[in-house]
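Chemist: attaching a predicted model along with its sequence, questions to come.
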Amino acid sequence: MNKTVVAEYCRFSSHAQDEGFSIAAQQRAIANFAAANGYDIQYSYIDRAKTGTNANRPDFQRMMKDAKAGLFEAIIIHKIDRFSRNRLDSIIYKNELSKYGVKVISVTENFGEGAEAELMLAMQESMAEYYSKNLAREVRKGMDVLSSKGLHTGGSPPLGYDVVEKKLAINESEAEIVRLIFDMYGNQKYTYNDMARELNARGYKTKSGNEFSASSFNSILTQRKYIGEYVYNRRVAKSLTGKYNSHANKPEDEIVRIPNAVPRIIDDETWGKVQARLNQNKRKVKTYKSKSNYLLSGLIVCGECGYHYQGNSRKGGSGTIYSSYRCGKKQNHKIGCGNKEIEKNKLENFVIEQLQNYLF
């Protein structure tokens, strides 16, 4: 007699790594169930350290793709919560699988067929979702207690700090880099590209050991730990898709700020200069982003000093907007480069002509 071809799906999360939830334990239970019920496990899908609160799991998505291709007739899981801890996700993906003729079978929660079985299954899925949300709430409480004491709550500390006995302590060799970054941006008016070039030339590295790039600096220049302030409960909750928006914050009255909870690296005067320039640049972007698009931005290198040319827009006395490309060193340092700026349309038209003549 031919056996039913099935797939096994196993998962554990970072909060449930004991033997009862281990991949090996799940596979043993699934294998025993399959042998006793005439199922042939030919496909295996495993997500390690992945939450069940959303479906953004590599092997889960690969399993759904293979189900659509008709590779198997059923998916066997150890428990319902291994498939999903989100009731809506569970409904959506089981409905999708049913279109492919694929059933989801739980080893420990096999309620049979009929309306009563569906009700029991729905209750079990709701309990799994409640457990996940309650666990997240309890973890949040623990994080709040640690944060309120200024203790490090996990992850890599910012550049300039090490974690010593759960508290942030200044790493002086890294703090020197942080001070230089703030000085270059706040006092010497370097651009992000200039700063990356200078730091890399000196052999400095980021916290992760990589070279600096233009994208390395905004998170450093806005890190309030450098002025001794510990901030928590700032980030908004996950979206329905299980993703965070790193740029979205909670309302200010919900954010908790604890002054003097972290050793300070940057003084108030330098911090103020940097924040003023950041705010000024934000206003410039809002003012000019709809007026000028610079096709050659980041592509032109000054033959005199090696800095990149940057787009520059300014308003004349009659209200006319003048747009040009200007050496970054001249634009941000005012002195040190004698190369002239180039009118935007003239330079872009010249480059386009050369492309047409020699490339297209």
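Modeler: Sure thing, it's come through.
Chemist: CA only for contacts and neighbour counts going forward, please
Modeler: Noted.
Chemist: what ranges does this structure have for its helices?
Modeler: 23-37, 58-68, 80-83, 87-99, 115-148, 172-186, 192-201, 218-221, 268-288, 328-333, 344-358 (DSSP state H).
Chemist: for the first one, packing partners?
Modeler: Meaning helix 23-37. Under the contact criterion of 3 or more Cα pairs under 8 Å, 6 or more residues apart in numbering; DSSP states H and E, helix 23-37 touches strand 4-12, strand 39-48, strand 74-77.
Chemist: need those in CSV (columns: mean pLDDT).
Modeler: Formatted as CSV, the helices and strands packed on helix 23-37 follow (pLDDT from 0 to 100):
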stretch, mean pLDDT
strand 4-12, 92
strand 39-48, 93
strand 74-77, 92
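Chemist: just so I know, which of those lies nearest Tyr204?
Modeler: Among these, strand 39-48 comes nearest to Tyr204, with 35.1 Å by Cα to Cα.
Chemist: show me what contacts Ala196?
Modeler: Neighbour list for Ala196: Glu211, Phe212, Ser213, Ala214 [criterion: Cα atoms under 8 Å, 6 or more residues apart in numbering].
Chemist: is it possible to get JSON lines of the helices and strands packed on helix 23-37 that adds distance to Arg224 and mean neighbour count?
Modeler: Putting the helices and strands packed on helix 23-37 into JSON lines (distance: least, Cα to Cα, whole Å; neighbours: other Cα atoms under 10 Å) gives the following:
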{"stretch": "strand 4-12", "distance to Arg224": "35", "mean neighbour count": "23"}
{"stretch": "strand 39-48", "distance to Arg224": "34", "mean neighbour count": "17"}
{"stretch": "strand 74-77", "distance to Arg224": "46", "mean neighbour count": "24"}
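Chemist: if we can go back for a sec, of the contacts of Ala196, just the buried ones, PyMOL syntax please.
Modeler: Buried members of those can be picked out in PyMOL with the line below, counting by 16 or more other Cα atoms under 10 Å:
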select buried, resi 211+212+213
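Chemist: TSV for the contacts of Ala196, including pLDDT?
Modeler: Converted to TSV, the contacts of Ala196 look like this (pLDDT from 0 to 100):
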residue	pLDDT
Glu211	94
Phe212	94
Ser213	93
Ala214	90
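Chemist: just flag the most distant two among the contacts of Ala196.
Modeler: Glu211 and Ala214 (10.3 Å).
Chemist: I figured Leu151 hits Lys167, correct?
Modeler: Yes: the pair Leu151 / Lys167 is scored as a contact, 5.0 Å apart, by Cα atoms under 8 Å.
Chemist: low-confidence ranges in the stretch 1-150 of the chain?
Modeler: 1, 14-21, 51-53, 86-88, 111-150 (pLDDT under 70).
Chemist: change it to 90
Modeler: 1-3, 11-25, 48-57, 78-96, 98-99, 103-150 (pLDDT under 90).
Chemist: does Tyr204 touch Glu176 like I think?
Modeler: No: using Cα under 8 Å as the test, Tyr204 is too far from Glu176 to be in contact (10.1 Å).
Chemist: so which of these two has more stuff around it?
Modeler: Tyr204 (17 against 13; other Cα atoms under 10 Å).
Chemist: against Tyr226, how distant is the more buried one?
Modeler: 19 Å (Cα to Cα, to the nearest Å).
Chemist: same deal with Lys205?
Modeler: Going from Lys205 to Tyr226 by Cα to Cα gives 18 Å.
Chemist: cool, Ser324 as well?
Modeler: For Ser324, the distance to Tyr226 - Cα to Cα - is 37 Å.
Chemist: who's more crowded, these two?
Modeler: More neighbours surround Tyr226 than the other of Ser324 and Tyr226, with 26 against 20 (other Cα under 10 Å).
Chemist: in contact with that one, which residues?
Modeler: Val262, Pro263, Arg264, Ile265, Ile266.
Chemist: quick one: the fourth one and Ile177 touch, right?
Modeler: No: the criterion here is Cα under 8 Å, and Ile265 misses it with Ile177 at 10.6 Å.
Chemist: which neighbours do those two have in common?
Modeler: Gly160.
Chemist: name the nearest residue to Ile41, ignoring sequence neighbours.
Modeler: Val6 (5.0 Å; Cα to Cα, 6 or more residues apart in numbering).
Chemist: and the one you found, what are its bridge partners?
Modeler: Residues in a beta bridge with Val6, per DSSP bridges, are Ile41, Ala74.
Chemist: quick check: it vs Ala196, distance?
Modeler: In terms of Cα to Cα, Val6 sits 53 Å off from Ala196.
Chemist: repeat that for Arg28.
Modeler: Counting by Cα to Cα, the separation of Arg28 from Ala196 is 53 Å.
Chemist: repeat for Gln26
Modeler: 49 Å.
Chemist: kindly report the same for Ser84.
Modeler: Applying Cα to Cα, the value for Ser84 to Ala196 is 44 Å.
Chemist: then Ile76?
Modeler: 52 Å.
Chemist: check Gly70 too.
Modeler: 51 Å.
Chemist: again with Lys340
Modeler: Counting by Cα to Cα - Lys340 and Ala196 are separated by 24 Å.
Chemist: what's the burial count for Ser106?
Modeler: Ser106: 20 neighbours (other Cα under 10 Å).
Chemist: for it, what are its contacts?
Modeler: Ile76, Ile77, His78, Lys79, Ile80.
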